[in-house]
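> how would this look folded up:
(3 chains)
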Amino acid sequence: MKVVLQNLTKKFPGRNKKSRDEVTAVDHFNFEIPNGKLIGLLGPSGCGKSTALNLLCGLLKPTEGRIFFGEDDVTNLPAENRGVGMVFQNYALYPHLTVLQNITFPLENLKGEAKLTKEEMQRKAYEVAKLVQIEELMERKPSELSGGQQQRVAIARALVKMPRILLMDEPLSNLDARLRLQTREEIRRIQRETKITTIFVTHDQEEAMSISDMIVVMKDGAIQQIGKPQQVYDDPVNLFVAKFLGTPPINVFRGRVQSGQLYIGQEAVLNLQNVPDQELHVGIRPEGFVLQTDGPLSCKLDEVEVMGRDITVVSRHEESENTDIRSIISAENAADVAGDTVRFALKPAKVLLFHKETQERIYFETI
Amino acid sequence: MGKPVDYAKIEKSARTGERVRKTVIYLLLSVWALVVLFPFYWMVLTSVKSYSAYNSEYIPKLYTLSPTLQNYVDAFTTVPLGRYFLNTLIFTIATTALMLVVIVLAAFAFARLEFKGKNITFTLFLSLMMIPNELVIITNYVTITNWDMRNTFLGLILPSVTSVFYIYLLKENFELIPDELYKAAKVDGTSDLKYLLKVMLPISKPTLITITILKVIECWNSYVWPRLITDEEAYFLVSNGIQEIRENGFGRENIPAMMAAVVVISVPLIVLFLIFHKKIMEGVARGGTKG
Amino acid sequence: MDKKNLKGWLYLLPAILFLGLFMVYPLIDVFIYSFEEGYNSASQTYYGVGLYNYSYVLHDPYFLQAVKNTFILVIFTVPISTGIALLISVGLSSIKKLKELFQTIYFLPYVTNTLAVGLVFMILFKKTPYTDGLVNLVINWFGGNSVDFIDGPYWAKMFVLCFYTVWVVLPFKILILTSALASVKQDYYNAAQVDGTSKWRIFTRITLPMISPMLFYLIITGFIGAFKAYSDAVALFGTNLNTAEMNTIVGYIYDMLYGNSGGYPSYASAAAIILFTIVLTITCINLLVSKKHVHYE
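Now for the predicted structure:
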């Protein structure tokens, strides 16, 4: 099922006592989610991504705009008639029901022709339980399960009625780091097997990048960029997106362009074309640094963190907007690092320029 | 997706259903609010109707055009309502104050001090919570009678100055105060009593206020014990006073004057409630029960 | 070490003193009283030990009347008040506007003097030579005949007593249920709604099980409270409850102790212990039933 959002907007009455202004949680969303894809809705907390999800499932009514599932306009349809499955952040498993009862709960709501017999419900419940691998837990109560198991039950409950779309609100945030890695692979696998269009919300860029077919980056209720994860990472449209994606994060410097040269401090670090003289933000991805004894950019060396295959060189620079500059260098070159200063050359493809005021991307060409 | 679904129809029926539901709910809530408020309205209304007007209304009127305060004057002059009021005030203040001292000391001992037999004593205290008042009131009555304390304030007050429940509530609250504060105070050479007065009590003020209010309500409305222990009008509390007024005062037919007395008695607590309603409801929700 | 122990007990001393004197000692004493036959409160003497007091109480028509009244009161008011409280609390928790106002109004009877407001109920229901009373007026409107609810037929008096009792106990129940309902996480409702659950099914399958511990607590305390009914009856019918046929078990105990037929602490003790036994039995039954039906997290 493809999902189309047209001009979707949600405003809340202001809660702040000083200003009664409305708060716009979702600001004119326009995009189309192709059938059968896994979409990550990504942004810092409070950016309106959960509101967007609640609009999709029908728990909230939009102030403006329309939502289509396939060809059907579902904008004002109550949640119970939308046929969506939802996995809540803290799972919302009914504590007084067993796992089996939790999974069959949505099926028992079906009415009319869709009504199922007890046997059919059981069969469906076991099918989906098998898919998420919890068949042996069916008689337990939620309180007797681990976090990861609860998560699977929640997914099973959302999937059992074969929803038109599946929504997940921060599905991994309540799991510990190891389970998180494992579970996100699981989600990917389950989504591939069921081919249900899935939208999940997260504030963790790594999580979104690793499993999504497409990510939607949000800030303050507005969409910043939509695209394939790698494409958004390589080619962010503004400083916010560039900063938000990537670990370690991008290093940002105050820089300026003067007659075809990019300066950081007094050092000309790159030759470039088509950029008029101006002050700007210079973003350099950690993997964009090359150790070079006569490199143009000199930094004060802090320390070297050895991580096996790579090393991280932590250094400082007066014009850096971050406190540390983190650069990732392949371990073979580690021997070169010594003394008080290190010098780097830059890989042009990993250098991103942003306008000083608008923070929009400035594209350039190297010679 | 197979057959077409009439979304417009589903939407519309959902919206109508929601509106009907809301209307029914507000209707139900309003009806009950009326049932709750009406007796209060009737009591105030009747209290400002003149005696003759009230008795001439075979069909009671829902309003009055000539309100009078004469009934209030009668309430204070014909029967010793002022006396009842004063008694209740003395009883309430003395009981509440004494109780606060007793329960603060006990809760402090349970929450902060270490001594042999503390846990078993606390368990015994808790088990006392289950003993119904009706079971012990008989002996208390005999005890107070034997001590010649009938028709005295002491006799009224003494049996109600402890409450295991409030000790428990306060102890729980005291235990929320971090240990470090106590240790710091000890290092500075503060005595236990000073620590209790200067640190614990100010921190636990919200709970103390809740307990005080609940106890005041309880005292103001207490009827059974005062009825057993007092038969001289000079020691009647308001509840007994009301009963006395009903059976002997005003002549049985002067309903407006009776209602004036009822209003006077009810007003202090209603005012207290309107000021502190959040605190009172919170306190009661935490496990208080009436009486 | 010794000093430390002493200090702890010193702080506890007032509480222990009062509790010992007015709770523990009376608790033991009430059993002793109930077995002392022919106790004379003036001379404080008795001439035998046995079950006579119990036998007397159980054969006293006033006591039997009181037991009957109390049971009727319990059987009607506990389910009715709990049901109404549940209905109102569910209504309250589904609205936003005026919610606080309604809540405050509903709690008002809790802080008012039972005796005082009882008088108002009496004049609303009472039929006198001057007026039939407001309630009868309403009954007449609907084509019924006037009934004296205060000095009239038994069922009418019982109706007023039950009505007033429900009016008095509801604030507490509404308050407890409203806060129980508020503690059910919104997520459960959202999940159920997304899964297309009907309102009624959400209520029976999610809300009720979730608040069942509190509901059950209310039923138990409701039973206990209703068995101890007394001041409501006094408020409506005056202190001479035996004549009005409206006495309750607790009323009987107090009458035995003091009042027109008073001066018999032994009978009062026997009646109190019988009452306590009844309440204990009912509470145990309640607890057994709850094991099956109540969901504790």
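
> Below-threshold pLDDT in chain A: ranges please.
With pLDDT under 70 as the threshold, chain A has low-confidence stretches at A:15-20, A:334-336, A:367.

> Close to chain B: what parts of it are there?
Residues of chain A lying close to chain B by CB under 8 Å from any CB of the partner chain are A:70, A:72, A:73, A:74, A:76, A:77, A:78, A:81. C-betas here are computed from N, CA, C, even on glycine.

> Let me see the contact set for the fifth one.
With contacts defined as CB atoms under 8 Å, 6 or more residues apart in numbering or on different chains, the neighbours of residue A:76 are A:61, B:11.

> hang on, the earlier thing: of the residues of chain A next to chain B, just the buried ones, ChimeraX syntax please.
Only the buried entries of these go into this ChimeraX selection, using 16 or more other CB atoms under 10 Å in any protein chain shown:
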select /A:72,73,74,76,77,78,81
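
> So which of the residues of chain A next to chain B is the closest to residue C:188?
Here the nearest of the residues of chain A next to chain B to residue C:188, counting by CB to CB, is residue A:78; it sits at 17.5 Å.

> Now do that closest one against chain C, distance only.
8 Å (CB to the nearest CB, to the nearest Å).

> can you check residue A:265 too?
52 Å.

> circling back: now for the residues of chain A next to chain B: which two are most distant?
A:70 and A:78 (18.2 Å).

> Give the helix, strand or coil label for residue A:257.
Reduced to three states with DSSP: H, G, I helix; E, B strand; the rest coil, the structure at residue A:257 is strand.

> Please name the nearest non-neighbouring residue to it.
residue A:275 (4.9 Å; CB to CB, 6 or more residues apart in numbering or on different chains).

> any chance you could map the strands in chain C?
Ranges of strands in chain C, per DSSP state E, are C:36-37, C:48-49.

> Quick one: closest of those strands to chain A.
Ranking the strands of chain C by their distance to chain A (criterion: CB to the nearest CB) puts strand C:36-37 first, at 51.6 Å.

> Which residues are in contact with the residue in the stretch 101-250 of chain A that chain C sits nearest to?
Proximity of the stretch 101-250 of chain A to chain C (CB to the nearest CB) peaks at residue A:106, 3.7 Å away. With contact taken as CB under 8 Å, 6+ apart, residue A:106 is in contact with A:85, A:157, A:160, A:161, C:195, C:196, C:197.

> Next, the contact list for the fifth one, please.
Pointing back at residue C:195 there. For residue C:195, the contacting residues are A:80, A:85, A:105, A:106, A:109, A:157, A:161, taking CB under 8 Å, 6+ apart as the criterion.

> same question, the first one
For residue A:85, the contact set (CB under 8 Å, 6+ apart) comprises A:106, A:157, A:158, A:159, A:161, A:163, A:165, A:166, A:167, A:196, C:194, C:195.

> Rebuild those residues as a markdown table, extending it with secondary structure.
Rendered in a markdown table, the data for the contacts of residue A:85 read as follows (three-state DSSP):
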| residue | secondary structure |
| --- | --- |
| A:106 | helix |
| A:157 | helix |
| A:158 | helix |
| A:159 | helix |
| A:161 | coil |
| A:163 | coil |
| A:165 | strand |
| A:166 | strand |
| A:167 | strand |
| A:196 | coil |
| C:194 | helix |
| C:195 | coil |
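
> out of these, who has the most neighbours?
residue A:157 (29 neighbours; other CB atoms under 10 Å in any protein chain shown).

> Tell me if I'm right that that one and residue A:92 touch.
No - taking contact to mean CB atoms under 8 Å, the distance of 9.0 Å between residue A:157 and residue A:92 leaves them out of contact.

> any common contacting residues for these two?
With contacts defined as CB under 8 Å, 6+ apart, the residues shared by residue A:157 and residue A:92 are residue C:191.

> Show me what the helix or strand that residue A:120 is a member of is packed against.
Per DSSP states H and E, residue A:120 falls inside helix A:118-131. Using 3 or more CB pairs under 8 Å, 6 or more residues apart in numbering or on different chains; DSSP states H and E as the contact criterion, the secondary-structure elements in contact with helix A:118-131 are helix A:99-108, helix A:147-159, helix A:177-194.

> who wins for proximity to residue C:108 among these?
When the helices and strands packed on helix A:118-131 are compared for distance to residue C:108 using CB to CB, the nearest one is helix A:99-108, at 40.1 Å.

> before we move on, the earlier item: can I get the helices and strands packed on helix A:118-131 in JSON lines including distance to residue B:139?
As requested, the helices and strands packed on helix A:118-131 are arranged in JSON lines below (distance: least, CB to CB, whole Å):
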{"stretch": "helix A:99-108", "distance to residue B:139": "53"}
{"stretch": "helix A:147-159", "distance to residue B:139": "56"}
{"stretch": "helix A:177-194", "distance to residue B:139": "63"}
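
> All good on my end, thank you.
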